[in-house]
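K.L.:
give me a model of this one.
(2 chains)
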Amino acid sequence: MAEHENKMDEVDVESLNILFAKDPLELTDNDVDRITENLRKSRELWAKKDAAGLTRKAAKPRKRKVELTSEINQEILTDIACNLDIQPAKVIVEVGTAGFLSLGESDDCNSRLSAY
Amino acid sequence: MTVIQDYQRISEDALRAYTKNNTAFSKNLPGLQIAWDSHSYGTFLECPRKYFYSIIIGYQTKTPQVHLLWGLAYHECLEKYDKARSEGMSYEDATRIAVRHALLVSGSHVQSTSTICKDCAYEFDEPSEICPACASEKLDKTPRKKWYPWNFHDQNKTRFNLVRSIVWYLDQFKENDLKTVQLSNGKPAVEYSFQMDLDIKAATGEQYIYCGHLDRVVEYGAGYYIVDRKTSKNTITKKYFEQYSPDTQMSGYAAAGRIVLDKPLAGVLIDAVQVAVTFSRFQRGFAPRTAGLLDEWLGNLGFWLEYAEHCARKRHWPMNDKSCSHYGGCPFQGVCSRDPSVRQRFLNADFTRQIWDPLIQR
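P.N.:
All right, here's what the predicted structure looks like:
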């Protein structure tokens, strides 16, 4: 069990909910301190998750345009283009990190590879 | 194409009526604001028509302005903490004051006429001499105030997140607590309302005033800074802080700090919080201001005040229709997009009136 999961037990969510539902004028100093203490614990827990990179959304991979070079398998590219009945010189191949592939015609007639 | 110069003007009597109870406005020239603050000045810069609607007439949307209410509450709570600390209170005691205030300010007590059964504690609103739950005749009909917490339709700006943000902020900055400046009268520079005479007079002979409210003035490193707190739902990045240089609110604070406090202010220290559903993340940034920048700002202010006077003389505040979609959209966009002949109907339906008087101290 990760350390932050142990901490989770220390945050008394039920108690927090009850205290938040009360009329604040009826809360004692002790009640307010319990709220504060629970929220401090929740911050400690969150800070650990944050430090471990678990709280941030993964950034979307940036689209990069790469010039078509001889290292790229021209043969495969030509095959794909032929199947789609378009000129290889006008092909744009977009390759995603998860195996995503899409094709389209280049507007400037230069073959390019767009890789994510 | 002919430019129509005979634009629609508001009558002098109507203008006078709108501003008669607002002490910030001239008694000699209706519609001319004499005492300015960052809100009214910023609104005028953004769009003179928006300024006319919201500051001169005082139209405010009927729907609760969630971000404004939340931001004000956040400010207030941290001010309570700052003040308590500057008066010598311990960290724990001052935190308790701030948290208690956050719990209280994030809702309201409303007069209730409900009846409570003394036997089974059942609460009911319908008029009855016996309890609908247990048929007891022992009823408590004493009018009492009932607590209603905030219930905004916003997943970030909630009551819980307000209290969480206060506690987390105070927890994060506990160790590097900034040192509050002591004023020449011995009082701490916390919740400091200021009014400074500007070196400009209106044509009516009235002296312009710039006024406002400084949360706190602190020593940080080798300089003095005004502290301001900002809230956002977005991630706080370097670019976020860049939006405050230049910025009229920050320059106004720094100019006021320099003149009123007689201190060589280095700028404004901004503690920004990103309020998300499950966390509040804080970043500290700076909006530095040199003496040259502040002089330039004051020069610009004088120029724009002359333009504001021109608008008042013409009794016309033109639209700046490049601003309509800024800052999440102008609340008057739905009004200004209608034909001028029907606008008043939309104003009456969607807005209420509330005076914005910068001379009223908090």
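K.L.:
please name the nearest non-neighbouring residue to B:Pro264.
P.N.:
Sequence neighbours aside, B:Tyr224 is the residue nearest to B:Pro264 in space, at 6.6 Å (criterion: CB to CB, 6 or more residues apart in numbering or on different chains). For glycine as for every other residue, the C-beta is placed from the backbone atoms N, C-alpha and C.
K.L.:
which residues sit in contact with that neighbour?
P.N.:
By CB atoms under 8 Å, 6 or more residues apart in numbering or on different chains, the contact set of B:Tyr224 is B:Val181, B:Val217, B:Val218, B:Gly257, B:Leu261, B:Lys263, B:Pro264, B:Leu265, B:Ala266.
K.L.:
hang on, the fourth one packs against B:Lys263?
P.N.:
So that's B:Gly257. Yes: counting by CB atoms under 8 Å, B:Gly257 touches B:Lys263, with 6.5 Å between them.
K.L.:
overlap of the contact sets of these two?
P.N.:
Here B:Gly257 and B:Lys263 have B:Val217, B:Tyr224 as joint contacts, going by CB under 8 Å, 6+ apart.
K.L.:
higher neighbour count, the two?
P.N.:
For B:Gly257 versus B:Lys263, the count of surrounding residues by other CB atoms under 10 Å in any protein chain shown is larger for B:Gly257: 27 against 18.
K.L.:
just checking, what's the longest helix in the chain?
P.N.:
In the absence of a named chain, this looks at chain A. Assignment by DSSP state H gives helix A:29-51 as the longest helix of chain A.
K.L.:
could you do chain B instead?
P.N.:
Longest helix in chain B, counting by DSSP H: helix B:291-314.
K.L.:
name the residues of it that are buried.
P.N.:
B:Leu293, B:Leu294, B:Trp297, B:Leu298, B:Leu301, B:Leu305, B:Ala308, B:Glu309, B:Cys311, B:Ala312 (16 or more other CB atoms under 10 Å in any protein chain shown).
K.L.:
any chance of the residues you listed in CSV, plus pLDDT?
P.N.:
Formatted as CSV, the buried residues of helix B:291-314 follow (pLDDT from 0 to 100):
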residue, pLDDT
B:Leu293, 96
B:Leu294, 94
B:Trp297, 97
B:Leu298, 95
B:Leu301, 97
B:Leu305, 98
B:Ala308, 98
B:Glu309, 98
B:Cys311, 97
B:Ala312, 97
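K.L.:
and the residues you listed, which is closest to chain A?
P.N.:
Set against chain A, the nearest of the buried residues of helix B:291-314 by CB to the nearest CB is B:Leu293 (34.9 Å).
K.L.:
nearest residue to that closest one in space, please, no chain neighbours.
P.N.:
In space, and not counting its chain neighbours, B:Leu293 is closest to B:Ser251: 7.0 Å by CB to CB, 6+ apart.
K.L.:
tell me the contacts of that neighbour?
P.N.:
Residues near B:Ser251 by CB under 8 Å, 6+ apart: B:Arg289, B:Leu293, B:Leu294, B:Trp297.
K.L.:
do you know the pLDDT at it?
P.N.:
pLDDT for B:Ser251: 96.
K.L.:
now do the strands in the stretch 1-150 of chain B.
P.N.:
Assigned by DSSP state E, counting those that start in this stretch, the strands in the stretch 1-150 of chain B fall at B:35-36, B:59-61, B:107-112, B:115-117, B:123-124, B:139-140, B:144-149.
K.L.:
tell me how far the third one is from the chain's mean position?
P.N.:
What it means is strand B:107-112. Distance of strand B:107-112 from the chain centroid (CA atoms, centre = their mean, to the nearest Å) equals 23 Å.
K.L.:
next secondary structure after the longest helix of chain B?
P.N.:
Note on helix B:291-314: by DSSP states H and E, the next helix or strand toward the C-terminus is helix B:333-336.
K.L.:
element containing B:Ala254, please.
P.N.:
helix B:248-260.
K.L.:
moving C-terminal of that helix, what's the next helix or strand?
P.N.:
strand B:265-275.
K.L.:
wasn't B:Leu214 part of a strand?
P.N.:
Yes: using DSSP: H, G, I helix; E, B strand; the rest coil, the assignment for B:Leu214 is a strand.
K.L.:
surely it is in contact with B:Pro188?
P.N.:
No: contact criterion CB under 8 Å: B:Leu214 and B:Pro188 do not qualify, at 11.5 Å.
K.L.:
low-confidence ranges in chain B?
P.N.:
B:1-7, B:176-177, B:362 (pLDDT under 70).
K.L.:
distance between stretch B:95-110 and the chain's centre?
P.N.:
On the basis of CA atoms, centre = their mean, stretch B:95-110 sits 18 Å off its chain's mean C-alpha point.
K.L.:
still on that earlier bit, from B:Lys263, how far out is the residue nearest to B:Leu293?
P.N.:
16 Å (CB to CB, to the nearest Å).
K.L.:
could you see whether chain A lies near stretch B:91-98?
P.N.:
Yes: applying CB under 8 Å from any CB of the partner chain, one finds stretch B:91-98 touching chain A at B:Glu92, B:Thr95, B:Arg96.
K.L.:
contact residues of chain B facing chain A?
P.N.:
Chain B comes close to chain A at residues B:92, B:95-96, B:99-100, B:103-104, B:107, B:109, B:147, B:149, B:159-160, B:163-164, B:167-168, B:171-172, B:278-279, B:281, as judged by CB under 8 Å from any CB.
K.L.:
go with 7 Å
P.N.:
Applying CB under 7 Å from any CB of the partner chain, we find that chain B lies next to chain A at B:95-96, B:99-100, B:103-104, B:147, B:160, B:163-164, B:167-168, B:171, B:279.
K.L.:
what's the PyMOL line that selects buried ones from those?
P.N.:
Buried members of these, defined by 16+ other CB under 10 Å, are picked up in PyMOL with:
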select buried, chain B and resi 95+96+99+100+103+104+147+160+163+164+167+168+171+279
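K.L.:
the residues of chain B next to chain A in helices, which ones?
P.N.:
Those of those lying in helices (DSSP H): B:Thr95, B:Arg96, B:Val99, B:Arg100, B:Leu103, B:Leu104, B:Phe160, B:Val163, B:Arg164, B:Val167, B:Trp168, B:Asp171.
K.L.:
quick one: contacts for the third one?
P.N.:
Neighbouring residues of B:Val99 by CB atoms under 7 Å, 6 or more residues apart in numbering or on different chains: A:Val32, A:Ile35, A:Thr36, B:Val163, B:Ile166, B:Val167.
K.L.:
what's near enough to touch the second one?
P.N.:
For A:Ile35, the set of contacting residues under the criterion of CB under 7 Å, 6+ apart consists of A:Leu16, A:Leu19, B:Val99, B:Val163.
K.L.:
wait, the first one touches A:Asn38, no?
P.N.:
Going back to what we said before, that points to A:Leu16. Yes: counting by CB atoms under 7 Å, A:Leu16 touches A:Asn38, with 5.1 Å between them.
K.L.:
quick one: residues contacting B:Gly223.
P.N.:
B:Ala266.
K.L.:
give the contact list for B:Glu309.
P.N.:
Here B:Glu309 is in contact with B:Leu32, B:Ala202, B:Ala203 (CB under 7 Å, 6+ apart).
K.L.:
scan those residues and report the most crowded one.
P.N.:
With neighbours defined as other CB under 10 Å, the most crowded of those is B:Leu32; it has 25 neighbours.
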